[in-house]
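**Student:** have a look; sequence and predicted model below, questions after that.
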Amino acid sequence: MTFTAIDFETAIGHHPCSVGIVTVENGVITDEYVTLIKPPNNLYSPYTIQVHGIHPRDTANAKTFSQLFPEIQRRLQGKVVVAHNESFDRNVLSKSMALYNLDYNCLNIAAKWECTVKIYKAKGLKPAKLSDCCREMNIALNHHEALSDARACAQLYLLK
């Protein structure tokens with residue numbers, strides 16, 4: 001089983017402030033990547049800060065999405081992409097790319113990604129939030145930390 005799991009944390013709207021990407025090759029995690037991202041104007045919603053604990057001071061000197069895109073592209077291009085609530089993470093990626101005039105089609109990935117929320121709901125797990133799925137499947141999770149969330153998503157997908 002070969003795929004890439006991704007998780008974004010957002011500052012406001014669909015503007016990311018962190019991304020975690022986990023590469024799985026033949027059922028084994030082979031690479032993990034996490035970075036902070038400076039959102040446009042370094043703006044945050046108080047709600048999102050409360051959720052993930054990332055503040056404007058944490059990203060003041062971080063690279064922007066467009067500066068980090070080559071690294072993200074390298075990890076996603078041509079891969080099966082998995083996310084927990086894939087429509088959220090897919091929208092963050094596509095809207096961030098559009099903001100910087102980057103062509104989503106260059107990634108050569110599916111229009112809809114694999115979604116562990118849908119997989120675990122279909123298995124009868126409700127609610128199927130990441131924390132619920134991880135608790136049920138005995139997977140360690142530091143929720144709303146992008147790399148931990150992406151790693152947990154990868155492990156859930158491996159157990160599907």
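**Tutor:** Cool, got the structure. Everything numeric in this text was worked out from a predicted model, so none of it was measured.
**Student:** would you map the helices across this structure?
**Tutor:** 46-52, 56-59, 65-76, 86-99, 116-122, 130-137, 146-159 (DSSP state H).
**Student:** so of those, which one's packed in deepest?
**Tutor:** helix 146-159 (a mean of 23; mean count of other Cβ atoms under 10 Å). For every residue, glycine as well, the C-beta is placed using N, CA and C.
**Student:** just the residues contacting that helix, thanks.
**Tutor:** Residues outside helix 146-159 that contact it (Cβ atoms under 8 Å, 6 or more residues apart in numbering): 1, 3, 5-9, 18-22, 24, 27, 29, 32-34, 82-84, 114, 116, 119-120, 130, 133-134, 137, 139-143.
**Student:** wouldn't residue 44 be in contact with residue 57 here?
**Tutor:** No. Contact between residue 44 and residue 57 fails when scored by Cβ atoms under 8 Å: they sit 10.1 Å apart.
**Student:** still on that earlier bit, just the contacts of helix 146-159: which are in strands?
**Tutor:** Among these, DSSP state E puts 3, 5-9, 18-22, 24, 29, 32-34, 82-83, 114 in strands.
**Student:** what about the closest residue in space to residue 53 that isn't next to it in sequence, how many neighbours?
**Tutor:** Nearest non-adjacent residue to residue 53, counting by Cβ to Cβ, 6 or more residues apart in numbering: residue 144, 7.4 Å away. Neighbour count for residue 144, taken as other Cβ atoms under 10 Å: 18.
**Student:** which phi and psi does residue 144 have?
**Tutor:** Main-chain dihedrals, residue 144, degrees, to the nearest 10: phi 70, psi 20.
**Student:** show the contacting residues for it.
**Tutor:** Counting by Cβ under 8 Å, 6+ apart, residue 144 touches 9, 51, 52, 53.
**Student:** and it, how far is that from residue 134?
**Tutor:** 12 Å (Cβ to Cβ, to the nearest Å).
**Student:** kindly report the same for residue 4.
**Tutor:** Residue 4 sits 19 Å away from residue 134, taking Cβ to Cβ as the criterion.
**Student:** what does the pLDDT read for residue 62?
**Tutor:** Turning to residue 62, the model gives it a pLDDT of 98.
**Student:** got the contact list for it?
**Tutor:** Residue 62 neighbours (Cβ under 8 Å, 6+ apart): 35, 36, 37, 38.
**Student:** can you do 6 Å?
**Tutor:** Neighbouring residues of residue 62 by Cβ atoms under 6 Å, 6 or more residues apart in numbering: 36, 37, 38.
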